[in-house]
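K.L.:
need a structure here:
(2 chains)
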Amino acid sequence: GAVVSQHPSRVICKSGTSVKIECRSLDFQATTMFWYRQFPKKSLMLMATSNEGSKATYEQGVEKDKFLINHASLTLSTLTVTSAHPEDSSFYICSASSRPTGGQYFGPGTRLTVT
Amino acid sequence: AQKITQTQPGMFVQEKEAVTLDCTYDTSDQSYGLFWYKQPSSGEMIFLIYQGSYDEQNATEGRYSLNFQKARKSANLVISASQLGDSAMYFCAMREIIQGAQKLVFGQGTRLTINP
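P.N.:
Residues are numbered from 1 along each chain as shown, chains lettered A, B, ... in the order given. Prediction:
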């Protein structure tokens, strides 16, 4: 159990366009979802935490207008990278938890390349 | 200040040998959790083992064990009888609970290479 999926697994887009990444909990209800970013050969950095039905809480330094997060249901959260630029190229990983302080189950990640 | 420190950027070990990956942490909380994750080249984060700050015994999961030294604030991962498939990045992480919400803070990672 506790499977989290992400779609797409890879995406290439042109500079200036927007990209949406989906994170789904397949076999449990995720009251809380987390979005992380990982640069090559670096560690995971938390970008934001979202609770179903409420606004996401962004970490310091993360632009909320740049990285739009929607957690409209208990099984789906989306991250939209708006007006993407090459510096937004990164590996984006989501995780989901059935409780705000419960264990996190990670998705397989999405590799975004902005040309 | 770095809350999770992994001082070994890379480790090379012969197959079937045991290996210890170091992790030290910094927190003033009494209640916290420590995790180890494996990240192969595919990128997925694979949960390996968990240790709660109040757990008196070291956590074990198959070939993985966590050497928890609370006074030293260290949580080293020990992999016994290493296998070629163990080659990957390994991340230590600490979970903090802040105002009813959790945050996972990751270390810099250690790249483990198992040689045949």
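
K.L.:
next SSE after the helix or strand of chain B with the lowest mean pLDDT?
P.N.:
Ranked by mean pLDDT, DSSP states H and E, the weakest helix or strand in chain B is strand B:101-106, scoring a mean of 90. Going down the chain from strand B:101-106, the next helix or strand is strand B:110-115, by DSSP states H and E.

K.L.:
any idea which element the nearest residue to residue A:54 once chain neighbours are set aside lies in?
P.N.:
The spatial neighbour of residue A:54 that comes closest, neighbours along the chain excluded (Cβ to Cβ, 6 or more residues apart in numbering or on different chains), is residue A:71 at 7.6 Å. Just so you know, the C-beta spots here come from the backbone N, C-alpha and C atoms, and that holds for glycine as well. Using DSSP H and E, the element containing residue A:71 is strand A:67-73.

K.L.:
Quick one: mean pLDDT over that strand.
P.N.:
Mean pLDDT, strand A:67-73: 92.

K.L.:
what's the helix or strand following that strand packed up against?
P.N.:
For strand A:67-73, the following helix or strand on the C-terminal side (DSSP H and E) is strand A:76-81. On a contact count with 3 or more Cβ pairs under 8 Å, 6 or more residues apart in numbering or on different chains; DSSP states H and E, strand A:76-81 meets strand A:19-25, strand A:32-38, strand A:67-73, strand A:90-97.

K.L.:
looking at those, which is closest to residue A:107?
P.N.:
strand A:90-97 (4.6 Å; Cβ to Cβ).

K.L.:
Tell me how far that closest one lies from the chain's centre.
P.N.:
In terms of Cα atoms, centre = their mean, to the nearest Å, the centre of strand A:90-97 is found 5 Å from the chain centre.

K.L.:
Now for the closest residue to residue A:105 other than its chain neighbours, how many residues are close by?
P.N.:
Nearest residue to residue A:105, sequence neighbours excluded (Cβ to Cβ, 6+ apart): residue A:2, at 4.4 Å. Per other Cβ atoms under 10 Å in any protein chain shown, the neighbour tally for residue A:2 reads 16.

K.L.:
Tell me the secondary structure of residue A:2, please.
P.N.:
Under the three-state scheme (DSSP: H, G, I helix; E, B strand; the rest coil), residue A:2 adopts coil.

K.L.:
Read off the pLDDT value for it.
P.N.:
79.

K.L.:
Give me the spatial nearest neighbour of residue B:35, chain neighbours excluded.
P.N.:
Of all residues not flanking residue B:35 in the chain, residue B:93 sits nearest, at 4.4 Å (Cβ to Cβ, 6+ apart).

K.L.:
Which strand residues bridge the one you found?
P.N.:
residue B:35, residue B:106 (DSSP bridges).

K.L.:
Wait, it touches residue B:39, no?
P.N.:
No: look at residue B:93 against residue B:39 with Cβ atoms under 8 Å: they stay out of range, at 11.3 Å.
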